[in-house]
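Just the structure for this:
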Amino acid sequence: MKLILVFGPQAVGKMTVGQELSKLTELKLFHNHMTIDLLVPFFDFSPQMWRLTTLFREEIFEEFAKTNQYGMIFTFVWAFDLQGDWEFLEKVSSIFTEKGADLYFVELEANLEERLDRNVSPNRLQEKPTKRNIKQSEEHLLMSVQKHRLNSMPGEIQQDHYLRIDNTNLSAQETAEKIKKHFAL
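Reported below is the predicted structural model:
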């Protein structure tokens, strides 16, 4: 089994690249808003929502890791300056590696102008209901640039299977094809 972790800042294209990679492989896509958008109508962006989001994700990972499927793509925003994000990633990784899965780390980066354009793309708005409040979504994106470090420093990620792609000028399909080829998926 394979776990492909696709991470980077908001609106960099993680979900859309994941959709394309899923089409090219037998990997199942689990994008981070699948749990967020399920819970926000009940709890808004509260501590309860984040607790349940983490719980749901970990349970899904636990059950999926027990299957004989080819693997999963999981997308998320990794704040490198938050210890809790490192701990979450360690837990997710161990869930899969304890079952013998291979881990692949794909970091996406794009310039801010491109990310602001992608923030209002039809696919993003269709798939992520909480992003439909465009003003709020853009404010959050811009605030996070100031508040957190959402891309790694050179050499910070020490995984065997790691690929960093600047996809500012690449389509989601081109990016997915690069990932598939690089990791021979």
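
got a list of contacts for stretch 61-69?
Under the criterion CB atoms under 8 Å, 6 or more residues apart in numbering, residues Met1, Glu26, Lys28, Phe30, Met72, Phe74, Val92, Ile95, Phe96, Glu98, Lys99, Ala101 lie in contact with stretch 61-69. For every residue, glycine as well, the C-beta is placed using N, CA and C.

Filter the residues you listed down to just the ones in strands.
If you go by DSSP state E, those have Lys28, Phe30, Met72, Phe74 in strands.

Put the buried members of the residues you listed into a PyMOL selection.
With 16 or more other CB atoms under 10 Å as the criterion, this PyMOL line picks the buried residues out of the ones in strands among the contacts of stretch 61-69:
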select buried, resi 30+72+74
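
lowest average confidence, helix or strand, in the protein?
helix 122-127 (a mean of 92; mean pLDDT, DSSP states H and E).

residue boundaries of the helices in this structure?
Listed in chain order, the helices of the chain (DSSP state H) span 14-24, 33-43, 47-65, 83-97, 112-118, 122-127, 134-147, 172-183.

Name the stretch among those that sits most buried.
Across the helices of the chain, averaging neighbours per residue (mean count of other CB atoms under 10 Å) puts helix 14-24 on top, at a mean of 22.

What separation is there between the residue nearest to Arg57 when sequence neighbours are not counted and Lys23?
Nearest residue to Arg57, sequence neighbours excluded (CB to CB, 6 or more residues apart in numbering): Thr35, at 5.6 Å. Distance of Thr35 to Lys23, given as CB to CB, to the nearest Å: 22 Å.

In contact with Val6, which residues?
Contacts of Val6 by CB under 8 Å, 6+ apart are Lys14, Val17, Gly18, Leu21, Ile73, Phe74, Thr75, Phe76, Val106, Leu108.

Let's see the pLDDT reported for it.
pLDDT, Val6: 98.

roughly how far apart are it and Ala176?
Distance of Val6 to Ala176, given as CB to CB: 10 Å.

who touches both of these two?
Val17, Gly18, Leu21.

Just the pLDDT for the last one.
According to the prediction, Leu21 has pLDDT 98.

quick one: it and Ile73 touch, right?
Yes: between Leu21 and Ile73 a contact is recorded at 5.8 Å, counting by CB atoms under 8 Å.
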